[in-house]
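In: Here is a sequence with its predicted model. Questions after.
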Amino acid sequence: MTGKKIRVLVAKPGLDGHDRGAKVVARALRDAGMEVIYTGLRQTPEMIAEAALQEDVDVVGLSILSGAHMALVPRVLELLRANGQGHVKVFVGGIIPDEDVPRLKELGVYAVYGPGTSTEQIVRDIREAVEGVVPQA
């Protein structure tokens, strides 16, 4: 791992009011030595992109349970690119139908996680995405 801590913004876009999963992931990332900024509930894509810019993050993690992922995620990606943050890796977790995953990845999402994904897997994937190395199992 490099000397710089990985900075992760965890956000809950849209009107979804359930954040337990986002908080569990945020805690696991902190425990793994990452700096985590949690934006709280009901964030707009504009608020998320601005926070990512202001916090100079390496990763944005979006937790979406509302079914609005095909509207919210593309907008966040668009805004990140408009802010010159095309290098920021975007991860999505929540209730995402399998048929939507390929399209999200085509748009630029690094990985999509459903219920039951281990936090260890998320930590490994973020390290791989940011540091470009595949951790040994």
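Out: It's in.
In: Give me the residue ranges of the chain where confidence is low.
Out: Residue ranges of the chain with pLDDT under 70: 1-2, 133-137.
In: If we use 80, what do you get?
Out: 1-3, 133-137 (pLDDT under 80).
In: And the helices in the chain?
Out: 20-31, 45-55, 69-82, 101-107, 119-131 (DSSP state H).
In: how many neighbours does Asp58 have?
Out: 22 (other CB atoms under 10 Å). Every residue, glycine included, has its C-beta placed from N, CA and C.
In: Equivalent analysis for Arg20, please.
Out: So Arg20, with other CB under 10 Å, has 9 neighbours.
In: do the same with Arg42
Out: Neighbours of Arg42 (other CB under 10 Å): 13.
In: Show the contacting residues for it.
Out: Lys12, Gly14, Leu15, Asp16, Gly17 (CB atoms under 8 Å, 6 or more residues apart in numbering).
In: so how far is stretch 40-48 from its chain's centroid?
Out: Its chain's C-alpha centre and that of stretch 40-48 lie 13 Å apart, by CA atoms, centre = their mean, to the nearest Å.
In: re the thing from before, may I see the ChimeraX selection of the buried members of the contacts of Arg42?
Out: Selection of buried members from these for ChimeraX, criterion 16 or more other CB atoms under 10 Å:
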select :12,14,16
